[in-house]
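Trainee: Okay, predicted coordinates and the sequence, questions at the end:
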Amino acid sequence: MTSRNPRELRVALIHYWLVNWRGGERVLRAIADLFPGCDIYTHVFDPEIIAEHFPDNRVKGTFISRLPMARRLYQKYLPLMPMALEQLDLSQYDLVISSESGPAKGVVLSPETLHVCYCHTPMRYVWDMYHEYRNQSGALTRFLMAPVMNGLRQWDQTSAQRVDHYVANSTFVAQRIKKYYRREAKVIYPPVEVADFTVATTSENFYLSVGQLVAYKKTELLVRAFNANGKRLVVIGEGECLYRLRKIARPNVELMGWQSSAVIRDFYARCRALMFPGVEDFGIVPVEAMATGKPVIAYARGGALETVIDGLNGYLFESQSVDGIVAAVDRFETMQGSFDPKLIRAQAEHYSTDRFKIDFRDHIADLLRTK
């Protein structure tokens with residue numbers, strides 16, 4: 001096996017679900033590019049996403065895909081996903097690469113098959129954010145979560161030992177892999193389509209937030225901070241928090257909902273800076289903003305510590321609070337003229353898709369040679 005060209009290997013990719021097009025799916029696309037014709041397995045998928053992004057791959061769903069309203073209610077079937085993974089017969093493959101932030105890595109493989117897991121994060125709702133998700137749930141969900149998540153947590157830790165090698169998308173995630181799974185991980189940053197963005201040298205008088213509107217991203221905190229300082233904020237994204245945010249936002253805060261990639265690129269180019277108040281495993285959005293030469297004002301935790309260099313391509317703030325964000329914006333405005341768009345763009349180039357493919361390809365080749 002070690003003497004074979006990686007392009008000649010029988011390769012399968014495992015992804016948790018393919019119903020949206022976000023950072024994890026972009027990673028999957030980049031990995032699939034390295035292994036033309038590889039097969040893809042996932043619990044549930046949207047045929048339109050497959051037709052657009054994976055037209056040359058054979059994509060197979062687990063039995064979850066055949067359950068009622070699976071494309072809408074797939075998260076409700078989470079307790080069944082370990083069983084679904086273990087029923088997959090992958091004995092014909094030389095190399096299996098799992099793409100993990102939901103149940104994906106728990107497949108059962110033959111001793112000869114190399115299993116590499118690219119981990120975006122250990123499952124948040126099972127580990128580090130379990131109590132946050134539980135506290136935000138209704139009474140019935142809270143009652144059911146304890147036994148369900150206890151079982152899933154045990155399976156997740158056990159199945160973590162089935163992986164031969166871990167790759168993490170940031171040092172922050174590698175630390176959590178070591179904490180929860182007791183495994184080491186090589187860090188390879190995820191691909192960002194830096195080439196799709198051009199450097200903007202001017203800006204308009206507004207700040208920007210881009211991303212899914214869910215509680216852990218702290219967009220509500222951001223909206224309340226801009227309610228307080230009266231400065232203009234544009235929020236692009238959709239999600240469960242959109243209705244509530246529209247109820248509390250003052251006229252200086254514009255919530256645009258979902259927008260196309262072209263619109264997002266336009267707003268990146270015109271904003272003063274990107275606001276990033278949450279804790280992310282890596283954070284592709286800040287790198288996209290940097291690719292247009294725009295600085296990032298980020299909470300100093302998580303993946304932002306690996307991409308935002310204080311004073312060079314943005315400003316890091318320590319207090320995740322309304323007052324902390326207001327103070328961060330005020331301080332940023334005293335130093336805004338010191339940021340060089342070209343230097344900011346140069347930092348973003350470290351996370352390009354081409355660089356990801358080179359690093360990931362070389363790592364897989366090293367693992368095959370030493371197997």
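Mentor: Right, received. Where do you want to start?
Trainee: Going by C-alpha atoms from here, please, whenever you check contacts or count neighbours.
Mentor: OK.
Trainee: Domains in this protein, by residue range?
Mentor: According to automatic domain parsing, the chain comprises the domains 6-191+352-370, 194-350.
Trainee: If you tally nearby residues, what's the number for the closest residue to Ile177 other than its chain neighbours?
Mentor: Excluding the flanking residues, the one nearest Ile177 by CA to CA, 6 or more residues apart in numbering is Arg183, at 6.1 Å. Taking other CA atoms under 10 Å as the criterion, the count of residues near Arg183 is 17.
Trainee: how near is Arg183 to Val192?
Mentor: From Arg183 over to Val192 the distance is 26 Å, taken as CA to CA, to the nearest Å.
Trainee: next one: Arg355
Mentor: 9 Å.
Trainee: Mind checking which of these two has more residues around it?
Mentor: More neighbours surround Val192 than the other of Arg355 and Val192, with 26 against 17 (other CA under 10 Å).
Trainee: how far away is the more buried one from Ala348?
Mentor: To Ala348, Val192 is 9 Å away according to CA to CA.
Trainee: Could you tell me how far the residue nearest to Ile177 is located from Gln175?
Mentor: For Arg183, the distance to Gln175 equals 9 Å [CA to CA].
Trainee: same thing with Val235?
Mentor: Distance from Val235 to Gln175, by CA to CA: 31 Å.
Trainee: who's in contact with stretch 249-260?
Mentor: Outside stretch 249-260, the residues that touch it by CA atoms under 8 Å, 6 or more residues apart in numbering are 223-224, 226-227, 230-238, 242, 245-246.
Trainee: Which residue ranges of the stretch 251-371 of the chain form strands?
Mentor: Along the stretch 251-371 of the chain, counting by DSSP state E, counting those that start in this stretch, strands occupy 253-257, 273-276, 296-299, 314-317.
Trainee: Make TSV from these and add distance to Ile325 to it.
Mentor: What follows is the strands of the stretch 251-371 of the chain, written out as TSV (distance: least, CA to CA, whole Å):
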stretch	distance to Ile325
strand 253-257	15
strand 273-276	9
strand 296-299	9
strand 314-317	7
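Trainee: Would you tell me which of these gets closest to Val285?
Mentor: Across these, Val285 has its closest neighbour in strand 273-276 (8.6 Å, CA to CA).
Trainee: what packs against the closest one?
Mentor: Judged by 3 or more CA pairs under 8 Å, 6 or more residues apart in numbering; DSSP states H and E, strand 273-276 is in contact with strand 207-210, helix 284-291, strand 296-299.
Trainee: if I look at the nearest residue to Met145 once chain neighbours are set aside, how far off is Trp127?
Mentor: Among residues not flanking Met145 along the chain, Arg134 sits closest, at 7.2 Å (CA to CA, 6+ apart). Applying CA to CA, the value for Arg134 to Trp127 is 11 Å.
Trainee: cool, Asp266 as well?
Mentor: Per CA to CA, Asp266 is found 37 Å from Trp127.
Trainee: hmm, back to that, so for Thr141, which of the helices and strands packed on strand 273-276 sits nearest?
Mentor: strand 207-210 (29.2 Å).
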